[in-house]
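Enquirer: Mind looking at a prediction? Sequence and model below.
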Amino acid sequence: MSQVIRIKVKPRSRRPEVSVEGKQLVVHVKSPPEKGRANREMLKLLADFFSIPHAEIEIKSGAQAHFKWLLIPDTIDVNRFLGGIHE
């Protein structure tokens, strides 16, 4: 089973990291948004962040946008990562 989350990706960032801004995960990637590079880096960063294989994360929509909807395993407690503010 999967759940859907919305994230924001910021390409060409100074350092790769996952942060929380407001009620949303923001993934800062160093890669440019060209030929899927930023998306691949984003998937790897989120996989490390959630401690799951990157193959378990799927882009549902927004592959070419800053805001993306992702499918992640429903075993992940997103509230824990967002400080209980995920709706």
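Expert: Received, thanks.

Enquirer: max-length strand in this structure?
Expert: Longest strand in the chain by number of residues (criterion: DSSP state E): strand 2-10.

Enquirer: for it, what is the average pLDDT?
Expert: Averaging pLDDT along strand 2-10 gives 95.

Enquirer: Check which helices and strands that strand sits against.
Expert: strand 24-28, helix 37-50, strand 67-73 (3 or more CB pairs under 8 Å, 6 or more residues apart in numbering; DSSP states H and E). For every residue, glycine as well, the C-beta is placed using N, CA and C.

Enquirer: Please list all residues in contact with Glu21.
Expert: Applying CB atoms under 8 Å, 6 or more residues apart in numbering, we find Glu21 in contact with Lys8.

Enquirer: swap that for Pro16, please
Expert: Pro16 neighbours (CB under 8 Å, 6+ apart): 28-30, 41, 45.

Enquirer: Please save the CA atoms from the worst-scoring helix or strand of the chain on mean pLDDT in CSV.
Expert: Counting by mean pLDDT, DSSP states H and E, the chain has its least confident helix or strand at helix 78-82, which shows a mean of 81. Extracted in CSV, the C-alpha atoms of helix 78-82 (Å, rounded to 0.1, in the frame of the first residue of the first chain):
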residue,chain,number,x,y,z
VAL,A,78,5.0,11.3,7.7
ASN,A,79,3.7,13.2,10.8
ARG,A,80,6.9,12.2,12.6
PHE,A,81,9.0,13.9,10.0
LEU,A,82,6.8,17.0,9.8
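
Enquirer: What are the buried residues along stretch 21-29?
Expert: By 16 or more other CB atoms under 10 Å, the buried positions in stretch 21-29 come out as 25-29.
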